[in-house]
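Undergrad: the sequence and its predicted three-dimensional model are supplied below.
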Amino acid sequence: MSPSPGQIPQCPAALAVPLRALPLAPLTLALTAFSRGIARRHPGLFRRLGDYGHTRFVLDPTDLPFVIELEPNGGAPRVRLTRGKGQGAARIAGPLAALLGLVHGAYDGDALFFSRDLVIEGDTSAALALRNAIDDSELDLAQEIARHCGPLQAPLHQLVARLERQSGVSLTRRDEALAW
């Protein structure tokens, strides 16, 4: 499924503006730990990258005031948030909702690319390898977060479902949403 151009939800400015003052180091540490947990549970994701297992990718949520540099590092990923364009072999840019929708299988990457809702720069074969690895792993980021919430999983599930309905942003993998 892919929306028509301009139909992808954008992060509200009321949320994006305060994020400019957010210190990035604590979030960088948290995202690195989170990505390493994903690497332990989904080692095939990193094997699937093949020759690009040490390539740095820039994920640019264009509606947020920072970019995410992801270095798979052979299965021990490092994440770095930075202001500006970031540095990497491939840059994948689009609204946060589009990037999350790609991870969760809600959007078709080709359709987003051809509608210009998604921009790919640099090593396109590296970007394609990352896309294929993520598609094959069938990640559900909300489920990955819920693993750490113990008895709060049920309220988290309800909150995520409500946020998805209200925002239109894909926060879970559709086939996994019922498995919670």
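TA: It's in.

Undergrad: centre-most residue in the protein?
TA: In the chain, the residue lying closest to the centroid (Cα atoms, centre = their mean) is residue 100, at 4.8 Å.

Undergrad: need the contact list for that one.
TA: 106, 141, 169-171 (Cβ atoms under 8 Å, 6 or more residues apart in numbering). C-beta here means a position set from N, CA and C on the backbone, and glycine is covered the same way.

Undergrad: any chance of those residues in a markdown table, with neighbour count, secondary structure and distance to residue 56 too?
TA: Listed next are the contacts of residue 100 as a markdown table, based on neighbours: other Cβ atoms under 10 Å; DSSP: H, G, I helix; E, B strand; the rest coil; distance: Cβ to Cβ, whole Å:
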| residue | neighbour count | secondary structure | distance to residue 56 |
| --- | --- | --- | --- |
| 106 | 20 | coil | 26 |
| 141 | 17 | helix | 21 |
| 169 | 20 | coil | 26 |
| 170 | 24 | coil | 26 |
| 171 | 21 | coil | 26 |
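
Undergrad: which of those residues sits closest to residue 160?
TA: residue 171 (5.1 Å; Cβ to Cβ).

Undergrad: what about residue 81, which SS state?
TA: Taken by DSSP: H, G, I helix; E, B strand; the rest coil, the conformation at residue 81 corresponds to strand.
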